[in-house]
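Student: I'd like to go over a predicted model; first the sequence, then the structure.
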Amino acid sequence: MALVEVKVPDIGDFDEVAVIELLVKVGDTVKAEQSLITVESDKASMEIPSSTAGVVKELKVALGDKVKEGSVVLLVEAAGAAAAPVAAPAPAAVAPVVSAPVAAVASSGPVEVHVPDIGDFKDVAVIEVFVKPGDTIKLEQSLITVESDKASMEIPSSHAGVLKELKVKVGDTVNIGDLLAILEGAASVAAPAAAASVSAPASVASAPIAPIASTAASVTAAATTAVAAPAHAPGASTVGLPHASPSVRKFARELGVPLAEVKGSGHKGRITQNDVQDFTKSVMSGATQTKAQAAKAPAAGAGGDGAALGLIPWPKVDFAKFGPIERKEMGRIKKISGANLLRNAIMIPAVTNHDDADITDLEAFRVSTNKENEKSGIKVTMLAFLIKACVASLKKYPEFNSSLDGDALVYKNYWHIGFAADTPNGLMVPVIKDCDKKGVLQISQEMSELAKKARDGKLSPAEMTGATFTISSLGGIGGKYFTPIINAPEVAILGVCKSTMEPVWDGKQFVPRLMLPLSLTWDHRVIDGAAAARFNAFLGQILSDFRRVLL
């Protein structure tokens with residue numbers, strides 16, 4: 001055995017970059033090229049790999065330290081007496097990982113594409129195939145859609161090239177690591193090009209590759225300074241940018257995970273790959289449910305015996321004794337939604353306020369807007385106006401945009417609105433993000449696109465998470481009022497029914513006005529009756545005179 005010094009390789013024209021993350025500890029067994037630390041300059045983050053395999057005996061750096069080319073990172077006890085320090089690691093180990101795509105590396109031979117890590121799920125079903133042999137595949141292009149009993153997800157290609165062979169078909173089940181396809185003439189940006197093996201003699205190693213510098217416009221990593229203030233490129237805003245390395249960002253993009261909604265467990269809230277995986281697992285398993293709860297939930301939603309709630313047993317009846325019957329299994333979506341609705345209905349002390357809003361003038365404006373925008377193909381619905389009106393109401397009464405966290409209230413300074421979409425597979429709730437920053441036309445377009453994806457079963461987990469308030473609209477179906485169930489962890493939900501023309505007294509006479517029924521359900525632990533009445537009244541005022549949105 002020999003102790004080998006692992007040093008910082010040539011990282012380009014950077015002097016004394018900060019160590020922002022330690023990826024190994026003393027006693028760990030590391031492989032050659034395994035990432036040891038993450039360093040960050042004012043331009044990019046990069047992970048420093050090990051030049052040799054072995055056991056970590058001593059760490060020579062700590063968080064916050066400054067290192068440069070040649071600095072000793074750690075001591076590794078390498079296998080074999082012939083082991084010697086590697087003075088110049090192979091270029092493959094030193095090319096920094098940046099958020100902008102690295103130039104593609106061509107591959108003359110066939111390349112295998114495998115199922116990435118999608119969480120602790122086995123035998124997920126392939127429900128859709130997007131490609132066929134002979135197709136030209138782009139990097140990160142969706143190949144198939146898989147579906148667990150909780151959610152669906154599109155699996156992207158890790159390489160670009162021509163599809164020579166597809167290894168799966170609709171109805172197959174796949175697991176992490178399974179072979180999906182074989183590409184030819186493939187290229188990938190998953191890793192920098194390898195010029196030589198790290199174990200190759202220095203005499204045959206090619207010259208180091210020049211570092212890949214990120215331009216100001218493409219920088220997405222925030223540098224950690226002595227005062228923990230995020231550095232940024234001139235002219236590029238980094239306000240609210242999630243703290244994560246470029247490799248983690250790429251991993252999140254592959255899985256469709258919104259980093260802004262992931263809580264980082266690393267140093268100073270840094271998001272790690274495990275955090276992204278945990279987020280994906282939570283969505284695929286029913287968001288806030290634990291695995292045990294997720295396993296029990298379908299049974300509860302399908303008419304469980306109620307024993308867990310201290311209730312008398314659910315009646316067991318042989319219905320066939322009374323006449324012909326037909327038994328059909330509930331769909332996956334209905335099982336999930338049923339379990340969640342049962343939990344929410346039981347655990348939340350919910351109250352519903354019913355009101356009517358005069359939308360006569362707003363409906364006339366909506367009709368004229370659609371006529372003016374006929375050529376654009378965007379059809380504005382009343383729901384789009386409702387979303388903007390709700391955002392204004394949520395800003396005036398912020399407790400409706402909060403969530404309970406133990407004995408504390410979490411007030412959210414973002415306004416993501418979910419809307420219930422009726423699909424052949426059951427009720428789904430797509431989420432329109434940052435509605436406060438979007439106009440009615442943009443909201444209408446996004447709503448149309450998300451509703452179509454919901455009907456087609458193509459909504460990603462990221463498109464169904466993060467809502468702060470939900471609207472359930474029965475549209476033109478009919479009805480007057482109903483009691484929508486709150487979508488936890490939200491604290492309120494608005495239900496709307498079909499508008500009807502009614503006689504309204506204006507102080508002198510009855511005049512015909514178009515009235516929209518509103519049903520606001522709220523969590524009494526967070527909201528009291530007076531606040532709910534004010535919220536509905538303010539919402540009604542905005543809908544009757546939409547100019548109030550500007551105030």
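Tutor: Good, I have the coordinates.
Student: Could you list every helix and strand that the longest strand along the chain packs against?
Tutor: Identified as the longest strand of the chain according to DSSP state E is strand 510-523. With contacts defined as 3 or more C-beta pairs under 8 Å, 6 or more residues apart in numbering; DSSP states H and E, the packing partners of strand 510-523 are strand 350-358, helix 360-372, strand 492-496, strand 500-505, helix 529-544. Where C-beta positions appear, they are placed from N, C-alpha and C, glycine not excepted.
Student: how does it look with 6 Å?
Tutor: Using 3 or more C-beta pairs under 6 Å, 6 or more residues apart in numbering; DSSP states H and E, the elements in contact with strand 510-523 are strand 350-358, helix 360-372, strand 492-496, strand 500-505.
Student: which stretches of the stretch 101-250 of the chain form strands?
Tutor: In the stretch 101-250 of the chain, the strands defined using DSSP state E, counting those that start in this stretch lie at 105-106, 111-114, 124-129, 136-137, 142-147, 152-156, 160-166, 173-174, 179-188.
Student: now these in TSV, with mean neighbour count, mean pLDDT and distance to residue 354?
Tutor: Output for the strands of the stretch 101-250 of the chain, formatted as TSV (neighbours: other C-beta atoms under 10 Å; pLDDT from 0 to 100; distance: least, C-beta to C-beta, whole Å):
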stretch	mean neighbour count	mean pLDDT	distance to residue 354
strand 105-106	14	46	63
strand 111-114	18	90	54
strand 124-129	18	85	40
strand 136-137	16	90	53
strand 142-147	21	84	38
strand 152-156	22	78	36
strand 160-166	18	91	54
strand 173-174	17	90	47
strand 179-188	20	78	52
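Student: Columns distance to residue 53 on top of these, output as CSV?
Tutor: CSV is the format used below for those (distance: least, C-beta to C-beta, whole Å):
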stretch, distance to residue 53
strand 105-106, 24
strand 111-114, 24
strand 124-129, 34
strand 136-137, 34
strand 142-147, 33
strand 152-156, 31
strand 160-166, 31
strand 173-174, 31
strand 179-188, 24
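Student: Quick one: closest of those to residue 537.
Tutor: Ranking these by proximity to residue 537 (C-beta to C-beta) places strand 152-156 first, at 40.4 Å.
Student: Tell me which residues are up against the closest one.
Tutor: Contacts of strand 152-156 with the rest of the structure, by C-beta atoms under 6 Å, 6 or more residues apart in numbering, involve 140, 142-146, 254.
Student: if you set the cut-off to 8 Å instead, what comes out?
Tutor: Residues outside strand 152-156 that contact it (C-beta atoms under 8 Å, 6 or more residues apart in numbering) are 115-116, 118, 127, 130, 140-147, 180, 254-256, 284, 457-461.
Student: in the stretch 1-150 of the chain, which ranges drop under the pLDDT threshold?
Tutor: Scanning the stretch 1-150 of the chain for pLDDT under 70 picks out 1, 12-14, 42-45, 79-108, 119-120, 149-150.
Student: what's across from residue 174 in the sheet?
Tutor: Following DSSP bridges, residue 174 is listed with bridge partners residue 124.
Student: contacting residues for it?
Tutor: By C-beta under 8 Å, 6+ apart, the contact list for residue 174 reads 115, 123-124, 126, 146, 168, 180.
Student: Relative to residue 471, how far out is it?
Tutor: Per C-beta to C-beta, to the nearest Å, residue 174 is found 36 Å from residue 471.
Student: ok, back up a step: tell me the most buried of the helices and strands packed on strand 510-523?
Tutor: strand 492-496 (a mean of 25; mean count of other C-beta atoms under 10 Å).
Student: From the contact counts, what lies against that one?
Tutor: For strand 492-496, the packing partners by 3+ C-beta pairs under 8 Å, 6+ apart come out as helix 382-396, strand 469-473, strand 510-523.
Student: what's the closest of those to residue 409?
Tutor: For the helices and strands packed on strand 492-496, distance to residue 409 was read as C-beta to C-beta. The smallest value, 10.7 Å, belongs to strand 510-523.
Student: Surely residue 3 is in contact with residue 75?
Tutor: Yes: contact criterion C-beta atoms under 8 Å: residue 3 and residue 75 qualify, at 5.1 Å.
Student: Those two: who's more crowded?
Tutor: In this view residue 3 and residue 75 are compared by other C-beta atoms under 10 Å, and residue 75 has more residues nearby, 19 against 13.
Student: check contacts around the more buried one.
Tutor: The contact partners of residue 75, by C-beta under 8 Å, 6+ apart, come to 3-6, 56-58, 60.
Student: Tell me the one among those residues nearest to residue 407.
Tutor: Using C-beta to C-beta, those come closest to residue 407 at residue 56, 42.5 Å.
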